[in-house]
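>>> coordinates only, sequence not included:
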């Protein structure tokens, strides 16, 4: 029979047990993850018109998200463009979308439903406004469009917004000074080719496949959008400040530009969500957008311009807390 433990021995035994439990706890903490679980659930991503850059970008981002957040089921939803995308976010019909900065600013300026719930995740790439006409057209500037049949984008699109502003800057009423045709990039090229349009506006990344394919089967030309137009848009104030002068590089549409760069107008695209979206999900979404840049950029060339250093600038929207977490963790 073992002798009873002395008081000192019992104290030492208890201390040893306590140390052992601490060590075991630290070991379990090291071996077993205790952070937040991977995001899960169903998410709707509102994209854009078929054949547009938003739609293809969304398809490739869906693939990347499938690898990075496998427990999240992504549903892509076609849309008319930026304005409809923002309406879907505000109503809860969608959780993430892409919209141009000017469309976001206009939505906020007009105090549309849910405007102040919108949050930015990332600045993506710039859209370039493209005014497309048949190569033999007499149109040399926006001012020459008066009285013509012009594709101006669908009612819920950012294209419609910028087309109206450029027409107004050229002193043309967007409703009465032209014959506006509310069509999207999925139909405007064929309408131009069949002679049912005299010109169309498009705002998208370079090159836009629908415009590229049109140039390969039908002779077209890009009409310059000069600095005077930009000045006119800026004089309107408000969300017009999000437009900047830019140049369509000479090789963007080789068959449509005859080796010459073309003056134009550019505006930034933003990845947008709302303050209702889970921070962990938003952090994962933002991380995937930044880290999949090169993979997506091989097919959607504008995506190559997504940059960690500029992605954080989502003006006019405040950053979502989840996006902020990602940028903090990604700081070099």
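That came through, no problem. Just so it is clear, the structure is predicted and the values come from calculations on it, not from any experiment.
>>> how about stretch 87-96: buried residues?
Across stretch 87-96, burial judged by 16 or more other C-beta atoms under 10 Å covers 87, 88, 89, 90, 94, 95, 96. Any C-beta I mention is one placed from the backbone N, CA and C, and that applies to glycine too.
>>> same question, stretch 282-291
Along stretch 282-291, these residues count as buried under the neighbour rule (16+ other C-beta under 10 Å): 282, 283, 284, 285, 286, 287, 288, 289, 290.
>>> about what we covered before: now the buried residues of stretch 87-96 as a markdown table including distance to residue 326?
As requested, the buried residues of stretch 87-96 are exported to a markdown table (distance: C-beta to C-beta, whole Å):
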| residue | distance to residue 326 |
| --- | --- |
| 87 | 26 |
| 88 | 24 |
| 89 | 19 |
| 90 | 24 |
| 94 | 21 |
| 95 | 17 |
| 96 | 14 |
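>>> just checking, residue 273 is part of a helix?
No: secondary structure of residue 273 (DSSP: H, G, I helix; E, B strand; the rest coil): strand, not part of a helix.
>>> Please tell me how far it sits from residue 162.
23 Å (C-beta to C-beta, to the nearest Å).
>>> so where's the chain shaky on pLDDT?
For the chain, the stretches flagged by pLDDT under 70 are 1-37, 332.
>>> try 50
1-2, 5, 8, 10, 13-14, 16-35 (pLDDT under 50).
>>> Quick one: the strands in it, in order.
Secondary structure of the chain, counting by DSSP state E: strands at 41-46, 72-77, 96-100, 118-134, 149-151, 179-181, 199-204, 220-222, 244-248, 262-274.
>>> mind listing what's buried in stretch 210-226?
Quick answer for stretch 210-226 (16+ other C-beta under 10 Å): 210, 211, 212, 214, 215, 218, 220, 221, 222, 223, 224, 225.
>>> between these, which is nearest residue 185?
Set against residue 185, the nearest of these by C-beta to C-beta is residue 210 (4.9 Å).
>>> Wait, that closest one touches residue 190, no?
No: contact criterion C-beta atoms under 8 Å: residue 210 and residue 190 do not qualify, at 9.4 Å.
>>> Quick check: buried residues in stretch 102-109?
102, 103, 104, 105, 106, 107, 108.
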